[in-house]
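>>> sharing a model prediction with you, sequence too.
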Amino acid sequence: MSAIAALPDPPEPLPRVPGPKLAPFSPTARADIEFIKELGNPAKDVDGHVWKVKINGMAAPYALKMVSIKTGL
């Protein structure tokens, strides 16, 4: 059985480097995600897919990876 990772308490601060930052994940987080296009090869990518997205109307696009999770293992 694998261990479940937990966020540090308190959360570690984000790195102080240039570039966009997303806050740590929280189960109650909400975002307006606009899916622009799927990247990679959808016919061959069976475990996950990567999308070019815009989050909350920001001008800079992000890459969002979505993975398949199998239950009942």
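Arrived safely. Residues are numbered from 1 along each chain as shown.

>>> which SS state does Ala29 fall under?
Classification of Ala29 using DSSP: H, G, I helix; E, B strand; the rest coil returns coil.

>>> tally of neighbours for it?
9 (other CB atoms under 10 Å). From N, CA and C alone the C-beta is placed, and that goes for glycine too.

>>> which pLDDT value belongs to it?
Ala29 carries a pLDDT value of 76.

>>> ok, and the closest non-adjacent residue to Ser68?
Leaving aside its chain neighbours, Ser68 sits nearest to Asp47 (5.6 Å; criterion: CB to CB, 6 or more residues apart in numbering).

>>> neighbours around the one you found, how many?
8.

>>> again, but for Leu64
16.

>>> also Ala43?
By the criterion of other CB under 10 Å, Ala43 has 6 neighbours.

>>> sorry, back to before: could you measure from the residue nearest to Ser68 over to Lys70?
Distance, Asp47 to Lys70, by CB to CB, to the nearest Å: 10 Å.

>>> now swap in Gly48 and tell me
Counting by CB to CB - Gly48 and Lys70 are separated by 12 Å.

>>> more crowded one of the two?
Counted by other CB under 10 Å, Gly48 and Lys70 do not tie: Gly48 has more neighbours, with 11 against 6.

>>> show the contacting residues for that one.
Counting by CB atoms under 8 Å, 6 or more residues apart in numbering, Gly48 touches 65-68.

>>> 6 Å instead, please
Shown in contact with Gly48 (CB atoms under 6 Å, 6 or more residues apart in numbering): 65, 67.

>>> phi, psi of it?
phi -170, psi 170 (degrees, to the nearest 10).

>>> also the one 3 residues further on?
Trp51 adopts backbone torsions of phi -120, psi 150, taken as degrees, to the nearest 10.

>>> what about the residue nearest to it when sequence neighbours are not counted, which SS state?
Excluding the flanking residues, the one nearest Trp51 by CB to CB, 6+ apart is Leu64, at 4.9 Å. Assigned state for Leu64: strand (three-state reduction, three-state DSSP).
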